[in-house]
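K.L.:
What would the 3D arrangement of this be:
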Amino acid sequence: MSLSELPFSAVDRALPPPAPLTFRYEQYQADTEFDWHRHPWGQLNRISLGLLELQLPQRVLVAPADYLVWIPAGVAHAAHIRQALDYVSVYVAHDAAAALPAEPCLIAQTPLIRALLDDFCQRGLDTVSDSWDVAQAQLLLHRLQQAGSVDDYLPDSDDRLLLPILLAMRAQPGDATTLAEWAQRVHSTERTLARRFAQLLGMSFVQWRSRLRLLQALGWLKQGRTVSDIAAELGYATPSAFIAMFVRQIGITPDRYRRQLLAEGGAA
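P.N.:
Numbering: from 1, shown residues only. As a prediction, this is how the structure comes out:
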C-alpha cells in the first residue's frame, strides 16, 4: 500500500467533521513515535514545549513550540516527539483549509494566534458551535492566513554569497564572525547580505545563527554535555545567556529538557 492510500485512523473517523475547527488533546511521553499516517482534514499541530519532528515523504520538518505545523488533508507523515509534552491537534474544515498553504509548512504563533488558541485549549473545547466561538475560530483562521509560513525551521540557500557563509556556520556553530566580517570575506556589503538573508531565508543573519545553535545544543544535550560547555562552545558569553535563548525558543531550561529525554515513562 502506498502512503497516499493509507486508511484514516479510527480516532479520526470518530471525530465530528470540523465546522470550521475540531480540537483533539493529548499528553505524550518522551520519545513517542508515530508511524506513517494521514488525516481526512487539514491539521494544525501544536506542542507546549520542545521540538516536534515530522517525517514527510521528501523531507523532515522540525518545529519548536513557537510554531504550528500545518499538514494539508491526506498528506502522509510520521512523527517523533523527543520530550514529554502537551499536544493539540486542530482539524480544519476543507473550505477553510483552502485558504491555508497547499503544502506542509510552519506557521509562526503570533501573540494573537497564541492567545486565541490558548483560550480554546484552556476551556478544553472539542467542537465549535457557540456563535462567539465560531467568530473566534474565523478570526484565528484569518490570522493564520496573514501570519505567512516557512518551509523549514533552518532553511538553506545555494545563493553564491550566502552558501559559503551557511556552510561555514554549520561546520562551526559557535563562530562569532559578524555579518560585517562575513561581508568582507565574500567581497560584498553587510547591507547586501542582510537583504539576502531576509529575502532568501526569511529571517535575519542573527536569527538563522540562533536557530543553528539551538539545534546543535539539542544534540549535545542528548550526548550528556554540560550546559556550561555547550554555552561556551556555541559562543555565548555566559551560561545564563545560552539558557535564556533556549527557554525563549523551546519553553523549558536545557537541564529540564535533558531530564525529560532521560526520563523513563514521562517527564521528570
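K.L.:
ok now do the nearest residue to residue 67 once chain neighbours are set aside, which residues does it touch?
P.N.:
The shortest distance from residue 67 to any residue that is not its chain neighbour, by Cβ to Cβ, 6 or more residues apart in numbering, is 4.3 Å, and that residue is residue 106. Backbone N, C-alpha and C define where each C-beta goes, glycine included. By Cβ atoms under 8 Å, 6 or more residues apart in numbering, the contact set of residue 106 is 61, 63, 67, 68, 69, 70, 149, 150, 151, 152, 153.
K.L.:
ditto for residue 205
P.N.:
Contact partners of residue 205, counting by Cβ under 8 Å, 6+ apart, are 179, 182, 193, 194, 197.
K.L.:
which residues are in contact with the lowest-mean-pLDDT helix or strand in the chain?
P.N.:
Between all helices and strands in the chain, the lowest mean by mean pLDDT, DSSP states H and E belongs to helix 254-262, at a mean of 80. The contact list for helix 254-262, computed with Cβ under 8 Å, 6+ apart, reads 30-31, 50, 82-84, 217-218, 221-222, 224, 227, 230, 242-243, 246, 250, 252, 267-268.
K.L.:
are any of the residues you listed buried, and which?
P.N.:
Among the contacts of helix 254-262, the ones that count as buried by 16 or more other Cβ atoms under 10 Å are 30, 50, 82-84, 217-218, 221, 227, 230, 242-243, 246, 250, 252.
K.L.:
Could you report the distance from the residue most central in space within the chain to residue 69?
P.N.:
With the centre of the chain defined as its mean C-alpha position, the nearest residue by Cα atoms, centre = their mean is residue 63, 1.7 Å away. When Cβ to Cβ, to the nearest Å is applied, the distance between residue 63 and residue 69 equals 5 Å.
K.L.:
and if you look at residue 85?
P.N.:
13 Å.
K.L.:
now swap in residue 113 and tell me
P.N.:
Remark: distance between residue 113 and residue 69 (Cβ to Cβ) = 13 Å.
K.L.:
try residue 198
P.N.:
Summarising the geometry, the distance separating residue 198 from residue 69, computed by Cβ to Cβ, is 23 Å.
K.L.:
Between these two, which has more neighbouring residues?
P.N.:
residue 69 (21 against 13; other Cβ atoms under 10 Å).
K.L.:
Please work out the average pLDDT along stretch 127-146.
P.N.:
Stretch 127-146 shows an average pLDDT of 96 in the prediction.
K.L.:
For it, list the C-alpha coordinates in PDB.
P.N.:
The C-alpha coordinates for stretch 127-146 follow below in PDB (Å, rounded to 0.1, in the frame of the first residue of the first chain):
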ATOM      1  CA  THR A 127     -16.000  21.400  18.600                       C
ATOM      2  CA  VAL A 128     -17.000  25.000  17.700                       C
ATOM      3  CA  SER A 129     -20.800  25.700  18.000                       C
ATOM      4  CA  ASP A 130     -21.400  28.800  20.100                       C
ATOM      5  CA  SER A 131     -21.700  31.900  17.800                       C
ATOM      6  CA  TRP A 132     -18.900  33.600  19.800                       C
ATOM      7  CA  ASP A 133     -16.600  30.600  19.400                       C
ATOM      8  CA  VAL A 134     -17.400  30.500  15.700                       C
ATOM      9  CA  ALA A 135     -16.400  34.100  15.300                       C
ATOM     10  CA  GLN A 136     -13.200  33.500  17.300                       C
ATOM     11  CA  ALA A 137     -12.400  30.500  15.000                       C
ATOM     12  CA  GLN A 138     -12.900  32.600  11.900                       C
ATOM     13  CA  LEU A 139     -10.600  35.300  13.400                       C
ATOM     14  CA  LEU A 140      -8.000  32.600  14.100                       C
ATOM     15  CA  LEU A 141      -8.200  31.300  10.600                       C
ATOM     16  CA  HIS A 142      -7.900  34.800   9.200                       C
ATOM     17  CA  ARG A 143      -4.800  35.500  11.300                       C
ATOM     18  CA  LEU A 144      -3.200  32.200  10.300                       C
ATOM     19  CA  GLN A 145      -3.600  33.300   6.600                       C
ATOM     20  CA  GLN A 146      -1.900  36.600   7.400                       C
END
